[in-house]
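J.: Next one to model:
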Amino acid sequence: MARIVLHIGTHKTATTTIQNVFHRNATLLAQHGIVYPRLGTAAGHHGLAADGYKDLPAHLRYPGGSLKMWHEIARRHADSDATVFLSSETLSIGHPNGAPDYRAIRAALAPFEEIRVLCLLREQWRFMQSVYLEIARKAVPPAPKQMVARALEGQYCAGMWVDYLKFHDRLLEHFAPEEIRFEDYAGARKSDGGILGRLLHLMECDLSAGDLDMGGKAHANTSPPSLPAWAAVMVSQPDPAPGWLIEEASAAFEAEFGPESQPCLFRRDELDALNARFGPINTALQERLAQVQPGFTLSRSTPEEIERLIFRNRIGGPFWLRLSRRLARRAGSAES
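T.: The predicted structure is shown next:
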């Protein structure tokens, strides 16, 4: 009998890289006992969340809907001896308007001998910063101050879980504690072979990350620096910031603060508030998981790392003057 691993995200934890590489290496993986199904045209299995996530683009949906495909996967693979690996970050959406129906999913996968839910987590402020940057690719994102306020008041950031203890509670409604595994994103990146190597290890696959063909899309979806992207959004709104504007803002930021500077989308007081709110929650999660995942810890920024950050409130007149001059030169070049 087969086992199935549901890699449900979260967003901005190398999910696109995982999906692109596993999709590209599906034949090789199958030869080593890992089935990465080709469902539709996308590398990720996002259509599996379409019944709950109403905003999913039409081209990512499967004919007949998500639940039909879940049952089809069980029909195709549950009687095999392989490990079936499915991957979509949309399966970790928290807000009720987009949340997956874990009850129906669990029931559809009952024919599998073993079910595992795998999810990578990031420190909340870093996760929220990446969510902002992802939204900024196609739309004007919420103001950072607004994102912080909503996260402090509730469980979500742009519909994504930031209260990881509540997220775990939600999963426990339909999966047993031993069926759920949370992985620390920062720690996984430092593993032998990085995140890909870590996933192969967890699935007891004899391949290493070095055996995989990374292709041209292995590192797709890389986000730009946070504060230059924010500055570009401020200039371009109500329209989304174009790539060239983010590049100009990045150059101005580097000239102002240095090439090794580490930007933070939030103010220092906002970051402190987020850490005060979610630090105890993360500790409680670690204590809960100790029974089934001894040694699990969620990486947190050290005081030294925080002191080196460039916060949003440090973006003042000198930076805006540099950016304005760059934009003026660019406009002049376009006219000549």
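J.: can we go C-alpha only for contacts and neighbour counts from here?
T.: OK.
J.: State the distance from residue 3 to residue 33.
T.: 11 Å (C-alpha to C-alpha, to the nearest Å).
J.: which residues are common contacts for these two?
T.: When contacts are counted by C-alpha atoms under 8 Å, 6 or more residues apart in numbering, residue 3 and residue 33 are jointly contacted by 81, 82, 83.
J.: Out of those residues, grab the one that's most surrounded.
T.: Neighbours here are counted as other C-alpha atoms under 10 Å. On that basis the top member of the shared contacts of residue 3 and residue 33 is residue 83, with 26 neighbours.
J.: Hmm, residue 1 and it touching each other?
T.: No. Counting by C-alpha atoms under 8 Å, residue 83 does not reach residue 1; the two are 9.4 Å apart.
J.: hmm, back to that, more neighbours: residue 3 and residue 33, which one.
T.: Ranked by neighbour count (other C-alpha under 10 Å), residue 3 and residue 33 place residue 3 first, with 22 against 18.
J.: If you drop the residues flanking it in sequence, what lies closest to that one?
T.: Counting by C-alpha to C-alpha, 6 or more residues apart in numbering, residue 114 is the residue found nearest to residue 3 once chain neighbours are left out, at 4.4 Å.
J.: Could you check the pLDDT of the one you found?
T.: According to the per-residue confidence, residue 114 scores 97 in pLDDT.
J.: count of residues packed around it?
T.: In terms of burial, residue 114 registers 15 neighbours under the definition other C-alpha under 10 Å.
J.: got the contact list for it?
T.: Taking C-alpha under 8 Å, 6+ apart as the test, what residue 114 contacts is 2, 3, 4.
J.: mind listing what the first one touches?
T.: Residues counted as contacts of residue 2 (C-alpha under 8 Å, 6+ apart) are 77, 78, 79, 80, 81, 82, 83, 84, 112, 113, 114.
J.: go with 10 Å
T.: Contacts of residue 2 were listed using C-alpha atoms under 10 Å, 6 or more residues apart in numbering, and they are 33, 74, 77-84, 111-115.
J.: model confidence over stretch 174-194, on average?
T.: The pLDDT scores in stretch 174-194 average 97.
J.: End to end on that stretch, go ahead and measure it.
T.: Start and end residues of stretch 174-194 are separated by 30 Å (C-alpha to C-alpha).
J.: so residue 165 makes contact with residue 283?
T.: Yes. When contacts are counted by C-alpha atoms under 10 Å, residue 165 is listed as touching residue 283 (9.4 Å).
J.: Now list whatever residues contact both of residue 83 and residue 1.
T.: Counting by C-alpha under 10 Å, 6+ apart, the residues touching both residue 83 and residue 1 are 77, 112, 114.
J.: okay if I get these as JSON lines plus secondary structure and distance to residue 159?
T.: Conversion of these to JSON lines gives the following (DSSP: H, G, I helix; E, B strand; the rest coil; distance: C-alpha to C-alpha, whole Å):
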{"residue": "77", "secondary structure": "helix", "distance to residue 159": "32"}
{"residue": "112", "secondary structure": "coil", "distance to residue 159": "30"}
{"residue": "114", "secondary structure": "strand", "distance to residue 159": "29"}
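J.: Which member of these is positioned nearest residue 278?
T.: If you rank the shared contacts of residue 83 and residue 1 by distance to residue 278 using C-alpha to C-alpha, residue 114 comes first, at 32.2 Å.
J.: just so I have it, where are all the helices in the stretch 51-200 of the chain?
T.: Along the stretch 51-200 of the chain, counting by DSSP state H, counting those that start in this stretch, helices occupy 66-77, 102-108, 124-136, 144-153, 164-172, 185-189, 194-202.
J.: Could you look over the ones you listed and pick the most buried one?
T.: Stretch with highest mean neighbour count among the helices of the stretch 51-200 of the chain: helix 124-136 (a mean of 21; mean count of other C-alpha atoms under 10 Å).
J.: what packs against that helix?
T.: helix 144-153, strand 156-157, strand 160-161, helix 226-236, helix 268-289 (3 or more C-alpha pairs under 10 Å, 6 or more residues apart in numbering; DSSP states H and E).
J.: Look at stretch 19-35 and report the distance between its end residues.
T.: Taking C-alpha to C-alpha, stretch 19-35 runs 13 Å from one end to the other.
J.: How about stretch 58-74?
T.: Taking C-alpha to C-alpha, the span from the opening residue of stretch 58-74 to its closing residue is 24 Å.
J.: go on, stretch 51-58?
T.: Terminal residues of stretch 51-58 are spaced 12 Å apart (C-alpha to C-alpha).
J.: In it, which residues are buried?
T.: 51, 52, 53, 56 (16 or more other C-alpha atoms under 10 Å).
J.: Point out where the protein drops to low pLDDT.
T.: Low-confidence segments of the chain (pLDDT under 70): 216-221, 336.
J.: Could you tell me how far stretch 233-247 lies from the centre of the chain?
T.: Stretch 233-247 has its average C-alpha position 23 Å from the chain's average C-alpha position, going by C-alpha atoms, centre = their mean, to the nearest Å.
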